[in-house]
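Visitor: Here is my input; please provide its structure:
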Amino acid sequence: MKKNTFLKKRNIAVLTSSFALVAVFGTAPVSASEHGGTQLAKPRVTFGWPMTTAGFIFTVSCVPNGVSYTVRVQQGERTVLKNQPAICGTNALIWSNSLNANTKYKITAQAIGDGITYKTSSESDEVLVWTAS
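Guide: Got it, this is the predicted structure:
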């Protein structure tokens, strides 16, 4: 078959190339919330240590079937950073000029589901973190 050949027959689309084969069947997928998918477990945030005057290191635990992870940073009730990507199971660094030196923050994480079978988790329990002075 020629590279990047596209076929369409009976609501089935097949895309082939030298690297991948993708099949799409009929209608668009239904979201997990409409489909009644399973909500992922809450991840845990473990605080590491202050890294800079505008950042800190932390770890987010991995959750089975989690596709990705996001973090929210708050100072008091004010959200300073939200939807910050994080990789689970490794030390992650948040550094931002939105953070102040020698300041305490609350951090939470969410495990993101695939939106079909697994729904996004609720937020983790809050963990206090701080920046260096």
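
Visitor: Centroid-nearest residue for this protein?
Guide: With distances taken as C-alpha atoms, centre = their mean, Tyr69 lies nearest the centre of the chain, 2.2 Å away.

Visitor: On the three-state scheme, Thr59 is what?
Guide: Going by DSSP: H, G, I helix; E, B strand; the rest coil, the secondary structure assigned to Thr59 is strand.

Visitor: Neighbours of it, how many?
Guide: The tally of other residues near Thr59 (other C-beta atoms under 10 Å) stands at 19. The way it works is simple: take the backbone N, C-alpha and C, and place the C-beta from them, glycine included.

Visitor: before we move on, back to that, ok but the residue nearest to the centre of the chain is inside a strand, no?
Guide: Yes - according to three-state DSSP, the state of Tyr69 is that of a strand.

Visitor: How much space separates the residue nearest to it when sequence neighbours are not counted from Ala101?
Guide: With C-beta to C-beta, 6 or more residues apart in numbering as the criterion, Tyr69 has its nearest non-adjacent residue at 4.5 Å, and that residue is Ala86. Between Ala86 and Ala101 the distance is 22 Å, computed by C-beta to C-beta, to the nearest Å.
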